[in-house]
Structure formats: C-alpha cells, structure tokens
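In: could you look at this predicted model? Sequence included:
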Amino acid sequence: MHPDFDIIIIGAGPAGMSAAIEAAKHGASVCILDEQASGGGQIYRNVSNSKQDQVDILGKDYLAGRQYVDGLRHDRILHRAGVTVWKVDKAGTVVFSDAGRAEQIRGRHIILASGAMERAVPLPGWTLPGVLTAGAAQILMKSGSIVTRDAVLVGSGPLLYLVATQLLAAGAAPKALVETQTRRDLIAALPHLAKALRDWKQLFKGVRMIAALKWAGVPRFKAASDIAIEGEENAEAVRFRAGGKDHCIDTNIVLLHQGVVPNTQISRSLGLEHHYDHTQRCFHPVIDEFGQASHPMFSIAGDGAGIGGAKVAALSGRICALNALARIKKISGGERDKRVRRLETSKRTELSIRPFLDTLYPPPQSVLLPQDETIICRCEEVTAGDIRRYAKLGCKGPNQTKSFGRSGMGPCQGRFCGLTVTEILAAETGETQDAVGSYRIRAPLKPVTLAELAALAETNEKEAAE
C-alpha cells in the first residue's frame, strides 16, 4: 500500500503542531490527528476560540498557543480534529475513529506527540464525586469558562500554584493549598538551583504566583501528611496533618495534583523501548538526541518522551520533524544536524529548571505506595492491598495482576493505575521498576464499537480486491 502522507503526527499540542509546521515548511505532506475539536493540546486547549475573560484568567502564556494553531492552516497539513486513534502498527498504519466511523491511513514516518497526563493521586476518598485533578479544573476554565469555587488544592508542583492563581483571577479564591513537599525536598533541590537560574524568568513566575496567593490570604499548609478526603455521597472535607497538628477543612471540591507523567499508551502498544526515570518517578520512551525511538518508523516529541513543559515540547516537535524529514530523504542528515544543533541549545536552556523542580516537588511515598484500603484501579475497584496480596501469592509483574484480580483491564487500560501497580510490586518483590515493568498495551487503545470494526474490515477487503 502506498503511503497516504509523508509524516503522520498523533497529537496537536505544542509538540505536534510545531512538528507539523516544520515538516510542511520543508515540503512534506502531513496529517495531524487529535481528539480535540481544535488544536492546542491540554496546555493551549481551545485557545483559538478563547474569549477575553478567559485570557484574563489564564494569562498571556496561554495565548502563545494561537501562533501554532494558526500555523496548521497550511496547504500541506491536513488537520483531522475530533478523532480517536486506537491502533498504530510498525508498518506505519494508523487506525482512528471519526464520528463513529473507523478509518486508516499510512505514513512514511510517524511522530508520536501524545503529551502527558496527570499522575494518579490515590488517597483515601479520591474516588468521591467532587474530587478532580487540578488539570481537570483548568480544562473547565479553558473549555467553558467554568470555575470551581471554594476548592481545596492538594498535592505539589507548579501547576498547583498556577491553577490556584487562575482561580484567584477568576474571583474564586481557593479555600487552601495543602502541599506535600517538605523541607527535606527543598534541601535536596538546592544543588540544582544554580543551573535552574539559567531560566530565571520561570522561577520568577513561580515566586510571583506564591506571592499573589499570600497577598490574597489563601492559607498554605506545607509538608502535609496523612491526607484523606472525607464524605459519604460526595467530598465533604479534607483531613490532614501539618505543622504538628491535625487539620480538617470543609469543602465539596478537592483538586489533586502530583505532577504529570508521559502518556506512553501508544509507544507501549508498539513495543518500543522504555526505561524508568527515578527523578520523575515514571517510565519514559528511549529516544536519541533527534527524538528517534527504538524503531526507525517512529519519533517521539514533547512530554510524551519526558516532562519538559510547553516550550520544550515545541522545540522537540521541530527536532522530531527534522529527524523525520531526514529519514524520508526530504533533507540531508547534515542539514538535519545543523538545524537541530541550534534548537538543542534553546532546549537545554529551557530544561535547565527541570532537575530543580523535579527534586523540589516529588510525589510522596503515600501516593506512590498507598494504604492497603485505597482503591488504585478505579475501573475494576482493585485496592493497593489487593496488589500486595497478589505479590505474596507470587505475582511478579503488572500483567500478571490482570489474572489475579483484573487490575488494568478496564476502559482506561491501566493509564491511571499502571505506575502505582509497578511501584507497589517493586516495593513488595524487591525488584527495580524496570525489572517489574508495566502493563502490556494492546489495540484498541480506546473503546470502539463492533460496527466500527466491521466497517473497517469491509474497507480493507475492498482495497485488497482493487
């Protein structure tokens, strides 16, 4: 089958959009596939349709996404929005659904730009109605100008402060921030501060956000432990210990956040090589300096390859596009190397702050290794104690837990529980996270109907006959 496009890009966040623009600029035909109705990814969600009141709340950094969305209006770029990719194979075929109809296309090279997802925060009570992630609250603001009120933000990391200040700007000041980072984390992060100062503007933004919260009188509880969300039918309060005292804050909205991790469902389904990053406490695909994955057909751009933020994602998207162009002989290897060197310099500067942030805001052990009674697989209602019991019965890896108790077999295919299962099994067996591994992911990556599968089979039969 002749390829339909030179390059197929999965994901229209900053990495995917910048990759598409760079590839088209050099004469490649590009198809970019994305689930959202418009380009932007999570960070720039709905930016092309945003109103002034949203921009006032979300800040000028949010507006930076418009240049990428506008760049997708190019003769050589086909942007398929609102589609769900559910299968990718090593021959370069991508299968997706659009309005209930399955389609497939082929490319000469594929760039995975599926971005990141928020780390699951399995605390007692986290499955109660009224408990969201901080990122989900931000999506509500971006998509529909919906603002959560009287929220208590729980966790750690820059996004916690960003969402808190955005709520503040929207006139819905949070009730409190319950933060898990400790003085020990700060001491561990200090050796990375000198390098982080290369990106002093980002550090200054963080200082300004914290100062704004303090000026507004939003309470901050640091080094919080023993966190539990209480309620019968929905969230009613957050109970925790901080400063040597027990605290309880009444609220029906709790926003959880413990950083973001790469979304590796597609790269896992392809059997690409991954490794466990002990600083970011998650698995990363293995890539080279050009974003090339362990199979020559695939490059991986943006946070899907390792967390770096929007600017790093955009730079890595361009780098991956140049690599793809060299792979399909649109440019020479020498030209790729020359152009990538300049982009790599900017990328290193933008990444200089990451070791400091990753060390300062680690997920606490209570999240990595939850209490026995805490549900970790929400799809199948499997608890942390269940996973520990499976380990005692001889279970060695995540894929075996499916046989022991169906964890990871729900609609999300282990997106949310996968890392927690790996952490618990590693702790129980004494093996490394790399040795324990992760869930084996198979197509379909997202739920599809039998009608879609049947229609796709009919299309394939017709093409074969022709």
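Out: Good, I have the coordinates. Residues are numbered from 1 along each chain as shown.

In: next helix or strand past the helix or strand where Gly16 lies?
Out: Secondary structure from DSSP states H and E places Gly16 in helix 14-25. Downstream of helix 14-25, the next assigned helix or strand under DSSP H and E is strand 30-33.

In: the stretch 301-450 of the chain: helices as residue ranges?
Out: Assigned by DSSP state H, counting those that start in this stretch, the helices in the stretch 301-450 of the chain fall at 310-327, 333-351, 354-360, 365-368, 384-392, 398-405, 418-429, 433-436, 450-465.

In: pipe those helices into CSV and attach mean neighbour count and distance to Pro411 per row.
Out: In short, each C-beta sits where N, CA and C put it, glycine included. Output for these, formatted as CSV (neighbours: other C-beta atoms under 10 Å; distance: least, C-beta to C-beta, whole Å):
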stretch, mean neighbour count, distance to Pro411
helix 310-327, 27, 27
helix 333-351, 15, 34
helix 354-360, 20, 30
helix 365-368, 19, 23
helix 384-392, 19, 19
helix 398-405, 18, 14
helix 418-429, 23, 14
helix 433-436, 17, 24
helix 450-465, 12, 15
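
In: I'd like those helices laid out as TSV, including mean pLDDT.
Out: TSV is the format used below for these (pLDDT from 0 to 100):
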stretch	mean pLDDT
helix 310-327	97
helix 333-351	94
helix 354-360	96
helix 365-368	96
helix 384-392	96
helix 398-405	93
helix 418-429	96
helix 433-436	96
helix 450-465	72
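
In: if we compare the ones you listed, which one ends up closest to His74?
Out: helix 310-327 (12.8 Å; C-beta to C-beta).

In: domain assignment for this structure?
Out: 5-117+261-331, 120-258, 369-431 (automatic domain parsing).

In: what's the most buried one of the ones you listed?
Out: Counting by mean count of other C-beta atoms under 10 Å, domain 5-117+261-331 has the highest mean neighbour count of those, with a mean of 21.

In: span of that domain from start to end?
Out: Using C-alpha to C-alpha, to the nearest Å, one end of domain 5-117+261-331 lies 16 Å from the other.

In: stretch 88-99 too?
Out: Stretch 88-99 has an end-to-end distance of 19 Å (C-alpha to C-alpha).

In: again with stretch 210-226
Out: End-to-end distance for stretch 210-226: 24 Å, by C-alpha to C-alpha.

In: contacting residues around it?
Out: Contact partners of stretch 210-226, identified using C-beta atoms under 8 Å, 6 or more residues apart in numbering, comprise 154, 161, 164-165, 168, 173-183, 239-243, 247, 364, 366.

In: if we compare the domains of the chain, which one ends up closest to Thr345?
Out: Of all the domains of the chain, domain 5-117+261-331 sits nearest to Thr345, with 9.7 Å by C-beta to C-beta.

In: helices or strands up against the helix holding Gly16?
Out: Applying 3 or more C-beta pairs under 8 Å, 6 or more residues apart in numbering; DSSP states H and E, we find helix 14-25 packed against strand 5-10, strand 30-33, helix 65-71, strand 77-80, helix 310-327.

In: at 10 Å instead, please
Out: Secondary-structure packing of helix 14-25 (3 or more C-beta pairs under 10 Å, 6 or more residues apart in numbering; DSSP states H and E): strand 5-10, strand 30-33, helix 65-71, strand 77-80, strand 101-112, helix 310-327.

In: CSV for those, including distance to Asp337?
Out: Below are the helices and strands packed on helix 14-25 laid out as CSV (distance: least, C-beta to C-beta, whole Å):
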stretch, distance to Asp337
strand 5-10, 19
strand 30-33, 22
helix 65-71, 24
strand 77-80, 25
strand 101-112, 17
helix 310-327, 9
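
In: those: which one's closest to Gln54?
Out: helix 65-71 (12.3 Å).

In: quick one: mean pLDDT for the helix holding Gly16?
Out: Helix 14-25 carries an average pLDDT of 97.

In: now swap in stretch 249-268 and tell me
Out: For stretch 249-268, mean pLDDT is 97.

In: look up how far Gly39 lies from the residue nearest to the spatial centre of the chain.
Out: Among the residues of the chain, the one closest to the centroid is Ala116, at 1.4 Å (C-alpha atoms, centre = their mean). Applying C-beta to C-beta, to the nearest Å, the value for Ala116 to Gly39 is 17 Å.

In: what ranges does the stretch 51-200 of the chain have for its strands?
Out: Counting by DSSP state E, counting those that start in this stretch, residue ranges of the strands within the stretch 51-200 of the chain are 77-80, 83-88, 93-98, 101-112, 116-118, 131-133, 152-156, 176-179.

In: can you check what angle separates the fourth one from strand 5-10?
Out: Spelled out, that is strand 101-112. Orientation check (axes from the mean of the first three to the mean of the last three C-alpha atoms, to 10 degrees): strand 101-112 against strand 5-10 gives 90 degrees.

In: in its sheet, which strands sit next to strand 101-112, and in what direction?
Out: strand 5-10 (parallel), strand 93-98 (antiparallel), strand 298-300 (parallel) (DSSP bridges).

In: let's have the ones you listed in a markdown table, adding mean pLDDT.
Out: Formatted as a markdown table, the strands paired with strand 101-112 follow (pLDDT from 0 to 100):
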| stretch | mean pLDDT |
| --- | --- |
| strand 5-10 | 98 |
| strand 93-98 | 94 |
| strand 298-300 | 98 |
